[in-house]
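S.K.: next one to model:
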Amino acid sequence: MWLILLALCAGALLAATSGAIAGSLCDSSGGVIQGTLVEGREAGSDVVRRAITNEAGAYQIPGLRSGTYQVLASHASFEDVGAGTDYSFRR
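M.R.: The predicted structure is shown next:
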């Protein structure tokens, strides 16, 4: 009984101290882009988390510490423009 309660409390604590970045990628005509590498780079550190878009063009980068992340996407069929989007979240 105590072990289950402890596991539930630990899960709640982890959920409160981390976050995720999720989304989907599509081209200018609205077609989904599967197989795209999406990177979330934490500002001020060497932490990089990666995900690959699925058949619906969706991705999720879970387990991120609170902070600011630059999100970059790259795919072999598309030109890399070297720009990203910054996302911040706080606890």
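S.K.: so for stretch 66-78, what gets flagged as buried?
M.R.: Neighbour-count burial for stretch 66-78 flags Gly67, Tyr69, Val71, Leu72, Ala73, His75 (criterion: 16 or more other C-beta atoms under 10 Å). To be clear about C-beta, it is placed using only N, CA and C from the backbone, and glycine gets the same treatment.
S.K.: if I look at the second one, how far off is Ser29?
M.R.: Which is Tyr69. Tyr69 sits 28 Å away from Ser29, going by C-beta to C-beta, to the nearest Å.
S.K.: quick revisit: could you dump the buried residues of stretch 66-78 into CSV with pLDDT and distance to Leu37 added?
M.R.: Compiled in CSV, the buried residues of stretch 66-78 are given as follows (pLDDT from 0 to 100; distance: C-beta to C-beta, whole Å):
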residue, pLDDT, distance to Leu37
Gly67, 86, 21
Tyr69, 89, 15
Val71, 88, 11
Leu72, 86, 8
Ala73, 87, 7
His75, 84, 7
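S.K.: please narrow those residues to those residing in strands.
M.R.: Using DSSP state E, the members of the buried residues of stretch 66-78 that fall in strands are Gly67, Tyr69, Val71, Leu72, Ala73.
S.K.: skip ahead from the lowest-mean-pLDDT helix or strand in the chain and say which helix or strand is next.
M.R.: In the chain, the helix or strand scored least confidently by mean pLDDT, DSSP states H and E is helix 2-17, which has a mean of 44. For helix 2-17, the following helix or strand on the C-terminal side (DSSP states H and E) is strand 18-24.
S.K.: how about that following strand: buried residues?
M.R.: Quick answer for strand 18-24 (16+ other C-beta under 10 Å): Gly19, Ile21, Gly23.
S.K.: got the CA coordinates for the helix or strand following it in CSV?
M.R.: Going down the chain from strand 18-24, the next helix or strand is strand 37-42, by DSSP H and E. Taking Å, rounded to 0.1, in the frame of the first residue of the first chain, the C-alpha atoms of strand 37-42 are listed here in CSV:
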residue,chain,number,x,y,z
LEU,A,37,13.9,15.7,-36.9
VAL,A,38,12.7,18.2,-34.2
GLU,A,39,15.2,19.4,-31.6
GLY,A,40,14.5,21.3,-28.4
ARG,A,41,17.7,23.1,-27.2
GLU,A,42,17.7,24.4,-23.7
